[in-house]
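Visitor: With the input below, show me the fold.
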Amino acid sequence: MRVLLLGATGYIGGAVLGRLVDSGHEVIAAVRSPERAAAQLGQARRVQLVRGDASDPAAMGDLVRSVGAEAVIHGAAVGDYDVDRRLVAALASALAHRGSGNDERTRALVYTSGVWVLGATNGRPATETSDTNPIPIVAGRQAVEAAVLAQSAVRGVVIRPGIVHGRAGGIPEMLVNWSREDGIGRFVASPEGTSVAWPMVHVDDLADLYVRAVESDSARGVLHGVAEAGVAVADLAV
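Guide: Alright, predicted model coming up:
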């Protein structure tokens, strides 16, 4: 399958790119600077680097058409949720015009959100159907998720990763490094003094989920990318 990947040079995107290639997919990575990306990604086999800016929805829609993408994985940090909604619309529209009939089962638009949209669950289990109550920094992400899920001509998939770790990256690695540097752990606790717990996932396991979301005709809607439901932050930091 020809997959257009946005965010290939990022922490999650790099792992997804590798898994897609290993699974035999033809990956087109949209990057702002193909020259810099080539050095970072090592010009991985079967990866085509093309110039693309996620902050320009119309241009990205044209790119989907020009490269003949059958699926798009959106893992880029746009920084503006209004632009992100327009980007989702442009990507979905371009994918929808690739064919007709049952082709929409293979035309997938996979969007990267995160469990922060759920807000504080206070120890209660949260599923893909739970109400959202996002923390302020991601308050606009609900509307982008809704735009993805509203698609009918393509398979809209929203992946909400937990706290991602592995490959010496992610927030957990930052906490561990702080502990090594300072000789003491730094972490967030509740007002009662108890450690906050995070849902977590290894970056390689998360990458597998993205590949399955692209490949499976039945994959659609919200998917939580979580392997461990509640890891105490204090256990990471000290």
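Visitor: Can you show me the strands along this structure?
Guide: Assignment of strands within the chain using DSSP state E yields the ranges 2-6, 26-31, 47-51, 71-74, 108-112, 155-161, 163-165, 197-202, 221-225, 228-232.
Visitor: Residue 177 is nearest to which of those strands?
Guide: strand 163-165 (12.6 Å; C-beta to C-beta). Heads up, the C-betas are built off the backbone N, CA and C, glycines and all.
Visitor: who touches that closest one?
Guide: 11-12, 115, 170-173, 198-203, 206, 231 (C-beta atoms under 8 Å, 6 or more residues apart in numbering).
Visitor: And the longest helix along the chain, what's buried?
Guide: Ranked by number of residues, the top helix in the chain under DSSP state H is helix 81-96. Buried residues in helix 81-96, counted by 16 or more other C-beta atoms under 10 Å: 81, 84-96.
Visitor: Return that helix as CSV; C-alpha atoms alone will do.
Guide: Written as CSV, here are the backbone C-alpha positions of helix 81-96 (Å, rounded to 0.1, in the frame of the first residue of the first chain):
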residue,chain,number,x,y,z
TYR,A,81,-6.1,23.2,15.8
ASP,A,82,-8.1,25.3,13.3
VAL,A,83,-5.4,24.6,10.7
ASP,A,84,-5.4,20.9,11.8
ARG,A,85,-9.1,20.6,11.1
ARG,A,86,-8.7,22.1,7.7
LEU,A,87,-5.8,19.7,7.1
VAL,A,88,-7.9,16.7,8.0
ALA,A,89,-10.6,17.9,5.6
ALA,A,90,-8.1,18.4,2.8
LEU,A,91,-6.5,15.0,3.3
ALA,A,92,-9.8,13.2,3.5
SER,A,93,-11.1,14.9,0.4
ALA,A,94,-8.0,14.0,-1.6
LEU,A,95,-8.2,10.3,-0.5
ALA,A,96,-11.9,10.1,-1.2
